[in-house]
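Engineer: output the structure for:
(one chain, ligands or ions: 2)
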Amino acid sequence: MNYKFEFRPYQRKFKRPLQTSHGTWEIREGIILRLTADNGKIGLGEIAPIGWFGSETFLEALDYCRNLPDVISDRTIFSLPPNLPACQFGLESAWESATLKTDFKSAFSEDQTPSSRSNYSGLLPGGEGALLGRQILWMQGYRTFKWKIGVLPFQREVRILQELAIALQQATGDHPVSLRLDANGGLSLAEAEAWLQICDQLGGILEYLEQPLPVTELEAMVGLLDRFSTPIALDESIATLPQMQSVYRQGWRGIYVIKPCIAGSPSELRQFCHLNKIDAVFSSVFETEVGRKVALKLAGEIQHSSQRALGFGVDHLLESEKFLEDLW
Ligand SMILES: O=C(O)CCC(=O)c1ccccc1C(=O)O
Ligand SMILES: [Mg+2]
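Structural biologist: Ligands and ions are numbered 1, 2, ... in the order given. A predicted model of the protein is given here:
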């Protein structure tokens, strides 16, 4: 089968630049794909790379799209090299929706993704902003929160964490409350140990510490799993499927943060998660609704038994995605 291939780069601003231990992020750049099958059926897909995180860069993805012909075949879609994981995801998911029994709209009206905010983790603003941000997200219905650490000096962040934890412990309601910390690989071993000691003392509400150490420090992170009761989640270390497979073979039994939009082929991701019993948390890369729908559908197929909140509570951080309506 052949498909007409079209693509549109887009830019979407963060309302406030996002601070992580990798630096500041102001504009999310990505590419929307459109495949039109011979029978007229249309499938959309999204390429939303994060170069600093371990996928191809936006420019590498754009270069790949510019070099594709106007008409492509199934063979092209399923033979992308592993160094283009966000492109693999975008093309294959566009292909899935162009070849599905149902059309794009009805495929998603039967969509099973949870609509209650309590099933999602809300990403807090960095630094002191987390405290007010927590109140706002709470009122919107979030009960799981994620906060980036390794951005401000250690002592300042510890004080903010303690305030956050007290606020969360005092907040009332039936739904369990939890807090995730994400270091984006920016801690030293000594800092990670100090954080984990504090986390262990906070007890129940601390769900996990995400990617405390750089990608190269897997063994040290395995060591942390044994020495502290707060669980460790890998994120940057398992950005793409080959990395997930490698870490799994090396015996990682902590949490896996999966970002479907940069992991690679959705069908291979499905297969990996069905074959291997992993404790998975699905997570956004600030994609638009085109990629998010596919990612959440995958999460629903894979994460069904897990109680963990979906890491897709990020929309409040970005400007509107209305531009999607005028791309074609
Ligand atoms: O996982 C979440 O809850 C929100 C998404 C998120 O934090 C994120 C978004 C884009 C790039 C990196 C990350 C990250 O988890 O490090
Ligand atoms: Mg992370």
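
Engineer: for ligand 2, what are the nearby residues on this structure?
Structural biologist: The chain has residues 182, 210, 235 near ligand 2, with proximity defined as Cβ under 5 Å from the ion. The C-beta positions use only the backbone N, C-alpha and C, and glycine is treated the same way.

Engineer: contacts only, for the last one.
Structural biologist: To tie it back to what came earlier, the one meant is D235. Neighbour list for D235: 182, 184-185, 210-211, 257, 259, 283 [criterion: Cβ atoms under 8 Å, 6 or more residues apart in numbering].

Engineer: what helix or strand is P212 located in?
Structural biologist: If you go by DSSP states H and E, P212 is not part of any helix or strand.

Engineer: now the chain, which segments are flagged as low pLDDT?
Structural biologist: Low-confidence segments of the chain (pLDDT under 70): 101-112, 304-305.

Engineer: can you tell me the residue of this structure closest to ligand 2?
Structural biologist: Relative to ligand 2, the nearest point of the chain is D235 (3.6 Å; Cβ to the ion).

Engineer: quick check: phi and psi at that residue.
Structural biologist: Backbone torsions for D235, taken as degrees, to the nearest 10, come to phi -130, psi -80.

Engineer: mind checking the SS state of whichever residue of the stretch 201-328 of the chain sits closest to ligand 1?
Structural biologist: For the stretch 201-328 of the chain, the nearest residue to ligand 1 under the criterion Cβ to the nearest ligand atom is G311, separated by 2.7 Å. Three states are possible here, and by DSSP: H, G, I helix; E, B strand; the rest coil the one that applies to G311 is strand.

Engineer: partner residues bridging it?
Structural biologist: Note on G311: beta-bridge partners by DSSP bridges are S283.

Engineer: residues in contact with it?
Structural biologist: 120-121, 123, 146, 257, 281-284.

Engineer: again, but for L218
Structural biologist: Contacts were defined as Cβ under 8 Å, 6+ apart; by that measure L218 touches 234, 237, 247, 250, 252.

Engineer: mind doing that once more with 10 Å?
Structural biologist: When contacts are counted by Cβ atoms under 10 Å, 6 or more residues apart in numbering, L218 is found next to 234, 237-238, 243, 246-247, 250-252.

Engineer: now the buried members of these.
Structural biologist: Judged by neighbour count, with 16 or more other Cβ atoms under 10 Å as the criterion, the buried members of those are 234, 237-238, 243, 247, 252.

Engineer: which pair of these spans the longest distance?
Structural biologist: Taking Cβ to Cβ, the two most distant members of the buried ones among the contacts of L218 are Q243 and W252; they sit 10.4 Å apart.

Engineer: mind listing the shared neighbours of those two?
Structural biologist: Any residue near both Q243 and W252 by Cβ under 10 Å, 6+ apart counts here, and that gives 218, 234, 237.

Engineer: inside strands: which ones of the contacts of D235?
Structural biologist: 182, 210, 257 (DSSP state E).

Engineer: and these near ligand 1, which?
Structural biologist: When the ones in strands among the contacts of D235 are filtered against ligand 1 using Cβ under 6 Å from any ligand atom, the residues retained are D182.

Engineer: would JSON lines of the ones in strands among the contacts of D235 with distance to I198 and neighbour count be doable?
Structural biologist: Below are those laid out as JSON lines (distance: Cβ to Cβ, whole Å; neighbours: other Cβ atoms under 10 Å):
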{"residue": "D182", "distance to I198": "15", "neighbour count": "26"}
{"residue": "E210", "distance to I198": "15", "neighbour count": "25"}
{"residue": "V257", "distance to I198": "21", "neighbour count": "22"}
